[in-house]
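Asks: coords below, sequence missing:
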């Protein structure tokens, strides 16, 4: 509670509050702070939700070196790691190198991301520069085998998913709730990012430590999410046409 | 025409027929049948004059409560919601016999909280208050939660409270428990005004004043205490009673300098965003909002601030944000994180200019913290958005050059694309869990939408994008978050929509209904048609999540959050409950493929004038 009051500054003198606020606003304006705001888990979901909409395209003719420079100068690295491998536990942005999105979807997501990733307007990064970033990410090596998910028991995963209340926010088939939790399946995010988010979430999600969710159960939940079948196309459902 | 203006015109019509000398309404001149009776009442009763002096007088044809009815009728109430109580027995009898149970007509409620919430739901549609009668101490205590919800929603509710002030006149026993020295005190922190009139003329003045105060922005509940003696004692023969003229206060507009500056910022902005709070409830308000958005080609987003509130990326990207009567503007422009150490950050750009137009700056109380976090803004107009928008629109149009118009058009084209993409995303999102059981909310919503979209509907279900094209369709439902509000408020809203022949659709949560399910009977008894689609998720899920959060934080027992938070074993059969109260009801429905025929049958019942409930077993959120 002490920290809560201090961070809000509501009990302090006006001058102190102003100073803190100014600092906070300045911090917000800096690219580093913008990157800090980018919360991985939600973005991951946006990433995978758009991913399902189109096949990956590698047809990028961007400038890889320039893309690398922009990736660093715009502080994409802060959340997504120095080589797009995903952020640390504190700023756990997902692995985005190489990207799984087709270029148009990638650009669309950067312009209109799922909060809390900040949007990047054409003023901040032009379309051409973004294409360079894409080319750079595309040039990166795929995830190492160590990031692959360990084998898990999907049936037990389903049981734990319900018993431990994952379904409260994400619904029973991982489809996501209305304003509570993002979609998790089908096609869940990479296991490493999934683990990072569970252990040390950067958004409103409560942390699931190994004390309450052992590694084995975590792997089982992941196996359950992986086993969820692909959703039908909206065009195949008369009510959604 | 705005609702308030219509009410004013209606009042004017009434006053035209009633006024004497154009200044005031004399009761004797109201021109109604009731008033004619009252004229006789104002003269000495012939039979009483001839009665022997040693015979106790046990009757009167002219109780004070008849005059109270004249006053109540002058205020134009259509309905009154009430659970009966002896502290207002005199007024109750006068309303049904002297007043003929018309304007206002009694709505029998089974709980005072239901009475108030029903009145709130009605006022949210009609823009004018419903009368509520409550029974002194105990009735007001039951009503208190409803009043606090109406206060939080800034909705007018007009409460008359029975009470017995004169201790020597109280019946022994229970009437003492049901009397208070200052009866309205317990709700004074969340009502705008109250009074305890000491005479009938005092009652008339305070009744008219209370009405005016309740509908003056920001609208709020008011309480008038009707003393038992004042109700039941005969009107003194020499009483020269009159009903004061009611003139509603015009809403405050933003000052010209602030309007001009706001227009300058909005026109110059590259990414302006309009955050719509309590604006757009009236036809005029909705039209102004739409005209401003069109003029700027700016997106309009909902005021989804607060804990867990979702605010679109538009706010993050905006360089000018205009908040129109937003209850929690701080929550719109800041993100909040509820982890072990709570923290918050602005979600806006550092150069974003923030403008608010809100009547919240005009009136605030200290104790209950419904006023939310203090928002730091660049321009704060203490004014009504609806009243201010015409001048703001005019200023925006005046400042819009051809160059800016071209920029706006480009922005508008992007907005159209963004909306299409958002719809596509919603369609895709609905496919996940489409066939799941329990039923997903998007599936439920899409199924209902399919069958009401060609009707003249209002209300609606979340979870899937419905097309809101008329101002009366949207449910604002502002409250203080007290559970149990939704079901009675829906009945009140459905009643308001009934006279227009609209199909009212309501998403009913199971936990909410269980607070005071007696309102189901009220709806059936008064033939109030509505389609209630129950989201039966068999728990207080928000609370499950809070307990889960604590268990995670304390690193123990994360599989025990259902203790004390779930509504299972036995599963409640809501269809049976509703059927028992006179509703058409079906359920539990847990197979999504059973939805369509059940919805068709329910709509047919609603069209026959019946309330209908579908108990659908759904995903948690």
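Replies: Looks like it came in fine. These numbers come from a predicted model, not from an experiment.
Asks: Residue B:470 and chain A, how far apart?
Replies: Distance, residue B:470 to chain A, by CB to the nearest CB, to the nearest Å: 23 Å. From N, CA and C alone the C-beta is placed, and that goes for glycine too.
Asks: quick one, helices of chain A?
Replies: Using DSSP state H, the helices assigned to chain A run over residues A:2-8, A:14-29, A:31-37, A:40-51, A:64-73, A:77-80, A:103-111, A:127-138, A:154-163, A:166-170, A:191-199, A:215-227.
Asks: Ok, the stretch 201-350 of chain B next?
Replies: Using DSSP state H, counting those that start in this stretch, the helices of the stretch 201-350 of chain B run over B:228-232, B:256-268, B:283-296, B:313-317, B:329-333.
Asks: what about the last one, distance to the chain center?
Replies: From the chain centre to the centre of helix B:329-333 is a distance of 22 Å (CA atoms, centre = their mean, to the nearest Å).
Asks: quick one: low-confidence parts of chain A?
Replies: Chain A contains residues with pLDDT under 70 at A:1-60, A:87-92, A:114-116, A:144-147.
Asks: before we move on, back to that, out of the helices of the stretch 201-350 of chain B, indicate the one that is most buried.
Replies: helix B:329-333 (a mean of 24; mean count of other CB atoms under 10 Å in any protein chain shown).
Asks: ok, now which ones touch residue B:488?
Replies: Counting by CB atoms under 8 Å, 6 or more residues apart in numbering or on different chains, residue B:488 makes contact with B:109, B:113-118, B:121, B:146, B:516, B:519, B:522.
Asks: Against chain A, which of these make the cut? List them.
Replies: Among the contacts of residue B:488, no residue sits close to chain A (CB under 8 Å from any CB of the partner chain).
Asks: re earlier: worst mean pLDDT among the helices of the stretch 201-350 of chain B?
Replies: Ranked on mean pLDDT, the bottom entry among those is helix B:313-317, at a mean of 85.
Asks: elements contacting it?
Replies: With contacts taken as 3 or more CB pairs under 8 Å, 6 or more residues apart in numbering or on different chains; DSSP states H and E, helix B:313-317 sits against strand B:272-276.
Asks: what is the orientation angle of the strand it packs on with helix B:283-296?
Replies: Per axes from the mean of the first three to the mean of the last three CA atoms, to 10 degrees, the angle that strand B:272-276 makes with helix B:283-296 is 170 degrees.
Asks: And the average pLDDT for strand B:272-276 is what?
Replies: 95.
Asks: Within its sheet, name the partner strands of it and how each one runs.
Replies: Here strand B:272-276 has these sheet partners by DSSP bridges: strand B:300-302 (parallel), strand B:320-324 (parallel).
Asks: got JSON lines for the helices of the stretch 201-350 of chain B, with distance to residue A:197 too?
Replies: Shown next, in JSON lines, are the helices of the stretch 201-350 of chain B (distance: least, CB to CB, whole Å):
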{"stretch": "helix B:228-232", "distance to residue A:197": "64"}
{"stretch": "helix B:256-268", "distance to residue A:197": "39"}
{"stretch": "helix B:283-296", "distance to residue A:197": "37"}
{"stretch": "helix B:313-317", "distance to residue A:197": "20"}
{"stretch": "helix B:329-333", "distance to residue A:197": "24"}
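Asks: Nearest to residue B:340, out of those helices?
Replies: Closest approach to residue B:340 among these is made by helix B:329-333 (21.0 Å; CB to CB).
Asks: quick check, that closest one touching chain A?
Replies: No: if you take CB under 8 Å from any CB as the test, helix B:329-333 misses chain A, and the best it gets is 11.0 Å.
Asks: What helices and strands are in contact with that helix?
Replies: Judged by 3+ CB pairs under 8 Å, 6+ apart, the packing partners of helix B:329-333 are strand B:320-324, strand B:353-358.
Asks: hey, which of those strands is tucked in deepest?
Replies: Ranked by mean neighbour count, the helices and strands packed on helix B:329-333 are led by strand B:320-324 with a mean of 27 (mean count of other CB under 10 Å).
Asks: From the chain's centroid, how far away is that one?
Replies: Put simply, strand B:320-324 sits 24 Å off its chain's centre (CA atoms, centre = their mean).
Asks: Beyond the strand or helix carrying residue B:523, next helix or strand please.
Replies: Using DSSP states H and E, residue B:523 sits in helix B:519-525. Helices and strands here follow DSSP H and E; after helix B:519-525, the next one along the chain is strand B:530-536.
Asks: Now tell me what touches the following helix or strand past that following strand from outside.
Replies: Using DSSP H and E, the next helix or strand after strand B:530-536 towards the C-terminus is helix B:541-554. The contact list for helix B:541-554, computed with CB under 8 Å, 6+ apart, reads A:165, A:168-169, A:180, A:206-209, A:212, B:338, B:340, B:557-558, B:560-562, B:564-566, B:620-621.
Asks: Could you give me the buried positions within helix B:541-554?
Replies: Of the residues in helix B:541-554, B:541-542, B:544-545, B:547-549, B:551-552 count as buried by neighbour count, 16 or more other CB atoms under 10 Å in any protein chain shown.
Asks: Where among the strands paired with strand B:272-276 is average confidence lowest?
Replies: The minimum mean pLDDT among these belongs to strand B:300-302 (a mean of 89).
Asks: how about that one: buried residues?
Replies: Neighbour-count burial for strand B:300-302 [16+ other CB under 10 Å]: B:300-301.
Asks: what does it rub up against?
Replies: With CB under 8 Å, 6+ apart as the test, strand B:300-302 has contacts from B:273-276, B:289, B:293, B:311-312, B:314-315.
Asks: Relative to residue B:162, which of the helices and strands packed on helix B:329-333 is closest?
Replies: Proximity to residue B:162 (CB to CB) singles out strand B:353-358 among these, at 36.1 Å.
Asks: Could you report the separation of the residue of the stretch 201-350 of chain B found nearest chain A from residue B:544?
Replies: Residue nearest to chain A within the stretch 201-350 of chain B (CB to the nearest CB): residue B:350, separated by 3.7 Å. Remark: distance between residue B:350 and residue B:544 (CB to CB, to the nearest Å) = 38 Å.
Asks: Run a quick neighbour tally on residue A:97.
Replies: 23 (other CB atoms under 10 Å in any protein chain shown).
Asks: do the one 3 residues further on as well
Replies: Neighbourhood size, residue A:100 [other CB under 10 Å]: 17.
Asks: What of the one 5 residues further on?
Replies: Other residues near residue A:105 come to 20 when the count uses other CB under 10 Å.
Asks: same thing with residue B:344?
Replies: Close neighbours of residue B:344, defined as other CB under 10 Å, add up to 17.
Asks: before we move on, what about residue B:420?
Replies: Residue B:420 has 10 neighbours, counted by other CB under 10 Å.
Asks: go on, residue A:197?
Replies: 25.
Asks: Would you check that it makes contact with residue A:204?
Replies: No: judged on CB atoms under 8 Å, residue A:197 makes no contact with residue A:204 at a distance of 11.7 Å.
Asks: Could you measure from residue A:160 over to chain B?
Replies: Per CB to the nearest CB, residue A:160 is found 8 Å from chain B.
Asks: excluding its backbone neighbours, what's nearest that residue?
Replies: Nearest non-adjacent residue to residue A:160, counting by CB to CB, 6 or more residues apart in numbering or on different chains: residue A:217, 4.8 Å away.
Asks: ditto for residue A:195
Replies: Nearest residue to residue A:195 in three dimensions, chain neighbours excluded: residue A:218, at 6.5 Å (CB to CB, 6+ apart).
Asks: Looks like the one you found contacts residue A:192 (just checking).
Replies: No: applying CB under 8 Å, one finds residue A:218 not in contact with residue A:192, separated by 11.7 Å.
Asks: These two: who's more crowded?
Replies: Set residue A:218 next to residue A:192 and count neighbours by other CB under 10 Å: residue A:218 wins out with 22 against 19.
Asks: Residue B:564: how many residues sit nearby?
Replies: For residue B:564, using other CB under 10 Å, the count is 10.
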